[in-house]
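1. Predicted model and sequence follow; I will ask about them next.
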There are 2 protein chains.
Amino acid sequence: MKSVIGFLLLLVSASAFAQSPADALIAHELQSSRAYETLSHLTDDIGARLSGSKGAAYAVTWATQQFREWEIPVSNEPVKVPHWVRGREEAQLVSPAHHQLVLTAIGGSVATPAAGITADVIEVDSFDDLKTLGAAKLRGKIVFYNNPMDMDLVRAHRAFEAYRIAVAFRGAGASRAAEFGAKAIVIRSVGSASLRTPHTGALHYDPKQPRIPAGAMTAEDAMLVHRLLARGKRVRMHMVLTPRTLPDVMSANVIAEIRGSEKPEEIVLIGAHLDSWDLATGAIDDGSGVAMVMETMRLLKEMNLRPRRTIRAVLYMNEENGLRGGQQYAKDHGKEKHIAAIETDAGGAAPTGFTTTLKGDALAALESRTKPLAAVSSNHFEVAEETGADTGPLTAAGVPGFGLVPEPLHYFDYHHTNADTLDKVDPKELAQDSAAVAALAWILAE
Amino acid sequence: MKSVIGFLLLLVSASAFAQSPADALIAHELQSSRAYETLSHLTDDIGARLSGSKGAAYAVTWATQQFREWEIPVSNEPVKVPHWVRGREEAQLVSPAHHQLVLTAIGGSVATPAAGITADVIEVDSFDDLKTLGAAKLRGKIVFYNNPMDMDLVRAHRAFEAYRIAVAFRGAGASRAAEFGAKAIVIRSVGSASLRTPHTGALHYDPKQPRIPAGAMTAEDAMLVHRLLARGKRVRMHMVLTPRTLPDVMSANVIAEIRGSEKPEEIVLIGAHLDSWDLATGAIDDGSGVAMVMETMRLLKEMNLRPRRTIRAVLYMNEENGLRGGQQYAKDHGKEKHIAAIETDAGGAAPTGFTTTLKGDALAALESRTKPLAAVSSNHFEVAEETGADTGPLTAAGVPGFGLVPEPLHYFDYHHTNADTLDKVDPKELAQDSAAVAALAWILAE
């Protein structure tokens, strides 16, 4: 009853100022945002939170507790997650000159022997190169994938496109090289800036191939090895990686919802992922998304706004190295009636709009109702095949998908590095993002 | 005789195109530069070269050999240098939350016990803060100097000024804190960019105070610790540093010269330092300077240009952590007649001019002859107290000093970090620098 009165009061005040609830949500968020405070807790007080880690477990507890404090119904839904733990990671060139290299294990990599491996380095820049060289030249070698991000694409604000092209070698490179007898692989880190900065991320082993160790060198180290090879030198590398894959761990998705007043069975999902890589505190990937999703719920509650349909927040576990949370959610909830799935997993820079799987008339109909988003420069929808990883199973099944698009120019400077820290996020921009997510969720739920 | 004919031919061709030898030097260097190739050898084939290391010894041999190949008289003059070796460097926050920190030992630091130290962190931003807090609050603590570079100064192209202000705490901070019983210090790295990038550099222990360990955290880590302390949290840090100071090592300055045709006893010195920090290959600090100095000599030789006065190249050893090469040179050669000392130790970005200790009429007289430098945007002299560290003892004794000023905007992004690598230098800009140094040296020698 209290919330209905609140809602009516808000409608009265909104109409007095010719303000829709979506306008009011945006205005209120830009004034009173607590998203950055939420992000500060997640990053400073909890920190790194790779699946299976203490940090990840703490993040689940903390987010649940936070929703409870805000008096928003919340539950934990079990998800079994991988537990990969980084170990030592050291590499040197031992020939033609000694150089200390900076590299990091690619997530999921198996270990080298404890004493490391030493082998000649063979450079390739495509999977076709592997075939051309063949097992005769690759057996026993360290295959070096030298694939920088296309910086022209990055500067054209198409960084995610550049990422998708370059990241193929991180994901599949180990198994593709193992097929030809390679002993290990190293890639050039997939990133758009480097101060000797290695970027981690996940790989996927092909079960048909032997599992070989995989590391990501910094751009500087990749350029060095490239120069030496280009001068016709024989380059030998020593590499030690000692990661371990421990038994799976029970973890959880954190799910909170504000039930719809008229059609509670119809759900607008807003999602982000609670886990992060282990090298830093995951402020942009995806602490920012978590903060936006939590802030949307807090805001609806604080403003006593109850939508016609249910708005459900899902903080997924294990986006980074398994996607188990997204898969588990789809398995458990796929048959419910999802009206839309909004995912935010692209950082916390200023919003520029959304990607969407909606097209044609359906998109046009929505666009006639999203004018309030212009207040945060987000009334722009770009049609895309995919709008997010965690919500991928839903959108693949036909649920309209939306993905927040913060300005992507610098996202891959920090992505999956030890520099993904709170200072990379601007509180005002995060508030604009939160406002965009909240307003779109509201509009879709109405 | 050959060189005289060459010189005459050049004069003929120069006058045909109204070109002075300085003009010709610049034009030839911009066309045919091999400075970048020289820098590539120094960084890729030798690498890091901190005083006392194998790399430093190899650099002496290589530079000497290179001058010999160019048929330029060269000698090694002995210098006894410190031999400090970096060890493990690890730090974590253990309270209020666990955070892996990224830090590096400040050069010259003593070690912690092998098991490390764990202590509360107290933040200060001035030496006065130490007095205010006093021994009661500082005894047994880790003192944290939180002094960022003034980025307004950096953006105003006054990065060296910003550096000099912030670096005071790196140099003297350990002893000043030890005076109040501190157990160790950490500073915010002195740099103008960070992707979790620690910057090393030297400290100076006051012989009257106990020597305590000193580390440099990244900007991100400094901001984290600052935020936690600002929220009233008790911050405890665990730190392990295991550097060692080994016995001094005999090394050398590498000295090459082209004797003057008329006044060979009058010397125009051009200098840079051959040693680098150990974290990277010292491409900007000071591989670029070494390349410019060597290129100047190569160019004079290749063009058969013989100046009236002697041009002497000095590649100093141990600028970074002792200045022993500069001191030794001054001791051995201070009584010779140095007409000028040009130092280049500020990176390899595009040239903007020179600092100089010359003033008034003497500077005006020089400026009437330096118009050729305008071709490489370097006909600009800014009066300064100091124009370089290695040539400091000479200029302090009255020798007119000159310091090349490459564009300083990004210098401290890389300075003293593991990102000081060849890719940070643009071959064309390095050629412009080399041309500027060569032309100024020629003008001063004529």
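-> Yep, it's here.
2. Do a quick rundown of the helices in the stretch 151-300 of chain A.
-> A:151-155, A:159-166, A:168-178, A:219-230, A:288-302 (DSSP state H, counting those that start in this stretch).
3. Just say which of those helices is most tucked in.
-> Per residue and on average, the most neighbours among the helices of the stretch 151-300 of chain A fall to helix A:288-302, with a mean of 27 (mean count of other Cβ atoms under 10 Å in any protein chain shown). Yep, even glycine has a C-beta here, placed from its N, CA and C like the rest.
4. quick one, which of the helices of the stretch 151-300 of chain A is nearest to chain B?
-> Chain B lies closest to helix A:219-230 among the helices of the stretch 151-300 of chain A, at 4.5 Å (Cβ to the nearest Cβ).
5. coming back round to it: Serialize the helices of the stretch 151-300 of chain A to a markdown table and add fields for mean pLDDT and distance to chain B.
-> Below are the helices of the stretch 151-300 of chain A laid out as a markdown table (pLDDT from 0 to 100; distance: least, Cβ to the nearest Cβ, whole Å):
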| stretch | mean pLDDT | distance to chain B |
| --- | --- | --- |
| helix A:151-155 | 97 | 13 |
| helix A:159-166 | 97 | 16 |
| helix A:168-178 | 98 | 19 |
| helix A:219-230 | 98 | 5 |
| helix A:288-302 | 98 | 16 |
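6. will you turn these into a markdown table that also has distance to B:Pro113?
-> Below are the helices of the stretch 151-300 of chain A laid out as a markdown table (distance: least, Cβ to Cβ, whole Å):
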| stretch | distance to B:Pro113 |
| --- | --- |
| helix A:151-155 | 46 |
| helix A:159-166 | 44 |
| helix A:168-178 | 40 |
| helix A:219-230 | 33 |
| helix A:288-302 | 40 |
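7. so which of those gets nearest B:Pro307?
-> Closest to B:Pro307 of these is helix A:219-230 (Cβ to Cβ; 35.3 Å).
8. Please name every helix or strand in contact with that closest one.
-> Judged by 3 or more Cβ pairs under 8 Å, 6 or more residues apart in numbering or on different chains; DSSP states H and E, the packing partners of helix A:219-230 are strand A:89-95, strand A:99-101, strand A:117-124, strand A:184-188.
9. which sections of chain A are below the confidence cut-off?
-> For chain A, the stretches flagged by pLDDT under 70 are A:1-18.
10. got the residues of it near chain B?
-> Applying Cβ under 8 Å from any Cβ of the partner chain, we find that chain A lies next to chain B at A:40, A:44-48, A:96-100, A:102, A:193-197, A:219-220, A:223-224, A:227-228, A:280-281, A:413-414, A:417-419, A:421-423.
11. quick one: contacts for A:Ala59?
-> A:Leu42, A:Ile46, A:Arg49, A:Leu274, A:Asp275 (Cβ atoms under 8 Å, 6 or more residues apart in numbering or on different chains).
12. what's the nearest residue to the third one if we skip its chain neighbours?
-> So the one you mean is A:Arg49. Of all residues not flanking A:Arg49 in the chain, A:Gly55 sits nearest, at 3.7 Å (Cβ to Cβ, 6 or more residues apart in numbering or on different chains).
13. what does the first one give?
-> In space, not counting the residues next to it along the chain, A:Leu42 is nearest to A:Gly287; the distance is 5.0 Å by Cβ to Cβ, 6+ apart.
14. Now for that neighbour: which residues touch it?
-> Going by Cβ under 8 Å, 6+ apart, A:Gly287 touches A:Leu39, A:Leu42, A:Thr43, A:Ser276, A:Thr281, A:Gly348, A:Leu422, A:Val425.
15. about what we covered before: need the helices and strands packed on helix A:219-230 in JSON lines (columns: mean neighbour count).
-> Formatted as JSON lines, the helices and strands packed on helix A:219-230 follow (neighbours: other Cβ atoms under 10 Å in any protein chain shown):
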{"stretch": "strand A:89-95", "mean neighbour count": "19"}
{"stretch": "strand A:99-101", "mean neighbour count": "21"}
{"stretch": "strand A:117-124", "mean neighbour count": "18"}
{"stretch": "strand A:184-188", "mean neighbour count": "28"}
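16. Just tell me which of these ends up closest to B:Pro210.
-> Per Cβ to Cβ, nearest to B:Pro210 of the helices and strands packed on helix A:219-230: strand A:99-101, 31.7 Å.
17. same for the next helix or strand after the closest one, what does it pack against?
-> Remark: after strand A:99-101, the chain's next helix or strand is strand A:103-105, criterion DSSP states H and E. In terms of contacts (3+ Cβ pairs under 8 Å, 6+ apart), strand A:103-105 is packed against strand A:89-95, strand A:214-217.
18. Adding distance to B:Glu265, write the ones you listed out as TSV.
-> Shown next, in TSV, are the helices and strands packed on strand A:103-105 (distance: least, Cβ to Cβ, whole Å):
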stretch	distance to B:Glu265
strand A:89-95	47
strand A:214-217	52
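19. Need the nearest residue in space to A:Val249, chain neighbours excluded.
-> A:Gly52 is the one closest to A:Val249 (Cβ to Cβ, 6+ apart), at 4.2 Å.
20. Quick check: A:Met239 vs A:Leu50, distance?
-> 22 Å (Cβ to Cβ, to the nearest Å).
21. And for A:Gly260?
-> Using Cβ to Cβ, A:Gly260 is found at 35 Å from A:Leu50.
22. neighbour count winner among these two?
-> Legend: neighbour count by other Cβ atoms under 10 Å in any protein chain shown for A:Gly260 and A:Leu50, higher for A:Leu50 (25 against 21).
23. Which ones among the contacts of A:Ala59 lie within strands?
-> With strands taken from DSSP state E, there is no overlap with the contacts of A:Ala59.
24. ok, so of these, who is nearest A:Pro78?
-> Checking these against A:Pro78 with Cβ to Cβ, the nearest one is A:Leu274 at 14.0 Å.
25. hang on, that closest one packs against A:Tyr58?
-> No: using Cβ atoms under 8 Å as the test, A:Leu274 is too far from A:Tyr58 to be in contact (10.3 Å).
26. between the lengthiest helix in chain A and helix A:288-302, how many degrees?
-> The single longest helix within chain A, with elements called by DSSP state H, is helix A:427-445. Using axes from the mean of the first three to the mean of the last three Cα atoms, to 10 degrees, the inter-axis angle of helix A:427-445 relative to helix A:288-302 is 60 degrees.
27. elements contacting helix A:427-445?
-> helix A:21-32, helix A:35-40, strand A:263-273, helix A:288-302, strand A:309-316, strand A:337-343, strand A:351-356, strand A:401-406.
28. Thank you, goodbye.
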